[in-house]
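1. Starting from these lines, generate the structure:
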Amino acid sequence: MVKPLPDYRIYVEVADGRKGVFDMRPYLDHGVFRELRDVHYFNQVGIVFGAVTWPHEQDIAPETLIAGLIASD
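-> Next up, the predicted model:
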């Protein structure tokens with residue numbers, strides 16, 4: 001499960017039970033991720049084949065996501 005949050009963060013629940021918040025702000029000035037600065041577009045986040053993705057094929061690799069996850073209760 002993935003849900004957009006304010007300030008370019010996403011809440012994620014991983015299949016193994018881990019959950020938390022991932023901050024996308026460090027990525028917003030790089031290449032294809034610049035498009036995510038549009039909040040309406042950013043909010044279209046979803047999951048495809050286990051990866052967090054957006055409609056124009058931006059994605060966060062599961063390993064990157066888990067490494068950057070800030071634990072949440």
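2. buried stuff in stretch 60-72?
-> 60, 65, 68, 69 (16 or more other Cβ atoms under 10 Å). In short, each C-beta sits where N, CA and C put it, glycine included.
3. any idea how far residue 16 lies from residue 62?
-> 11 Å (Cβ to Cβ, to the nearest Å).
4. Just name whatever secondary elements the least confident helix or strand in the chain by mean pLDDT is in contact with.
-> Ranked by mean pLDDT, DSSP states H and E, the weakest helix or strand in the chain is strand 70-71, scoring a mean of 86. Where contact means 3 or more Cβ pairs under 8 Å, 6 or more residues apart in numbering; DSSP states H and E, strand 70-71 is packed against strand 19-23.
5. Packing partners of the longest helix anywhere in the chain?
-> As assigned by DSSP state H, the longest helix anywhere in the chain is helix 62-68. Here helix 62-68 is seen to pack against strand 19-23 when contacts are counted using 3+ Cβ pairs under 8 Å, 6+ apart.
6. Buried residues in the strand it packs on, which are they?
-> Counting neighbours by 16+ other Cβ under 10 Å, strand 19-23 gives 20, 21, 22 as buried.
7. Just grab the bridge partners of the last one for me.
-> Taking DSSP bridges, one finds residue 10 as the beta-bridge partners of residue 22.
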